[in-house]
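Enquirer: I'd like to go over a predicted model; first the sequence, then the structure.
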Amino acid sequence: MFRSFFGPALFLAFAAFALVAPPAGAADALTPAQKEAVERVVHDYILAHPEVMVEAIRSAQLKAKEKKEEGAKQAITERRGELLSDATAPVAGNPHGDVTIVEFFDYRCPYCKQVEPHLEALLKEDPKLRIVYKEFPVLGPESLFASRMALAARKQEKYAPFHDAMMAAKGKITEETILDVARSVGIDVARAKTDMAGAEIQEIIKRNYALADALDIQGTPAFIVGDTLVPGAIDLDNLRHLIAEARKTSG
């Protein structure tokens, strides 16, 4: 009877409301006996129809997801300048491209390495694409060392080869591994060590941490395309779809 009249989620909401709020105009709250009776009805109903809880949980999760996505869009709008126009952020592809992918990544993140071939493929096939790299070292001191070296390599116009080589590096990433990669792409390591210890590079990474926090980015990789934030690895077709949607919006 309850199921046909209310529907599962509405029934639970109504019953829960009855526990804490009497009908409009009632002089007194529910008596202990009435409260116990309502609790018993809810309890028995859930036992008989467990799918009600599944529906309620899914509904709550969907609302939480929608709220988070809306918050991300607002944060992207507010921080668009930092995301797209930070002169200290390395850029690949067409510097004047009509769509930008912003990637927060860590050189020790296996999922970042998994997505890297997709980004390389997009750059080859899409001459209007621009990628902004946000160094976001979150996986320990070696990650931080690698990001600092990458930004120091940029001062020697070696960011791209260092980035590509680090993304291709297999196995455990240590400081010695990072130095070997730097040497292999022609970086003056002595100069880079001096540069990477400077306040400028420290400040860039600090700003990236703050930007990620504002966007509620909690891990790597994370991508922003248009007004969409995608946490975690993403496949090539979905990246293409996001790019196409961003072009529609901007057009």
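Expert: Yep, that arrived. What you see is a predicted model; the values in this text were computed from it and never measured.

Enquirer: how about the strands of the protein, start to end?
Expert: Using DSSP state E, the strands found in the chain span residues 91-93, 99-105, 129-135, 222-225, 228-231.

Enquirer: Same list (the ones you listed) but as JSON lines, adding mean pLDDT.
Expert: Output for the strands of the chain, formatted as JSON lines (pLDDT from 0 to 100):
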{"stretch": "strand 91-93", "mean pLDDT": "97"}
{"stretch": "strand 99-105", "mean pLDDT": "98"}
{"stretch": "strand 129-135", "mean pLDDT": "98"}
{"stretch": "strand 222-225", "mean pLDDT": "96"}
{"stretch": "strand 228-231", "mean pLDDT": "94"}
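
Enquirer: Now tabulate those strands in JSON lines and tack on distance to Gln156 and mean neighbour count.
Expert: Every C-beta, even on glycine, is put in place using the N, C-alpha and C of the backbone. Output for these, formatted as JSON lines (distance: least, CB to CB, whole Å; neighbours: other CB atoms under 10 Å):
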{"stretch": "strand 91-93", "distance to Gln156": "16", "mean neighbour count": "19"}
{"stretch": "strand 99-105", "distance to Gln156": "21", "mean neighbour count": "24"}
{"stretch": "strand 129-135", "distance to Gln156": "16", "mean neighbour count": "22"}
{"stretch": "strand 222-225", "distance to Gln156": "27", "mean neighbour count": "24"}
{"stretch": "strand 228-231", "distance to Gln156": "32", "mean neighbour count": "18"}
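
Enquirer: wait, what's in contact with Ile101?
Expert: Contacts for Ile101 (CB atoms under 8 Å, 6 or more residues apart in numbering) come out as 119, 122, 129-132, 223-225, 239, 243.

Enquirer: coming back round to it: distance to Val189 added to the strands of the chain, as JSON lines?
Expert: Compiled in JSON lines, the strands of the chain are given as follows (distance: least, CB to CB, whole Å):
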{"stretch": "strand 91-93", "distance to Val189": "23"}
{"stretch": "strand 99-105", "distance to Val189": "23"}
{"stretch": "strand 129-135", "distance to Val189": "18"}
{"stretch": "strand 222-225", "distance to Val189": "30"}
{"stretch": "strand 228-231", "distance to Val189": "34"}
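
Enquirer: Among those strands, which comes closest to Glu70?
Expert: strand 228-231 (10.9 Å; CB to CB).

Enquirer: Just give the closest residue to Ile243, not the sequence neighbours.
Expert: Excluding its sequence neighbours, the residue lying closest to Ile243 (CB to CB, 6 or more residues apart in numbering) is Val99, at 5.2 Å.

Enquirer: So what would you say the end-to-end distance of stretch 123-137 is?
Expert: Taking CA to CA, to the nearest Å, stretch 123-137 runs 24 Å from one end to the other.

Enquirer: nope, stretch 210-228 is what I meant
Expert: 19 Å.

Enquirer: which residues touch that stretch?
Expert: 68, 71-73, 75-79, 82-83, 99-106, 109, 111-112, 115, 134, 136, 138-139, 229-234, 239, 242-243, 245-246, 249-250.
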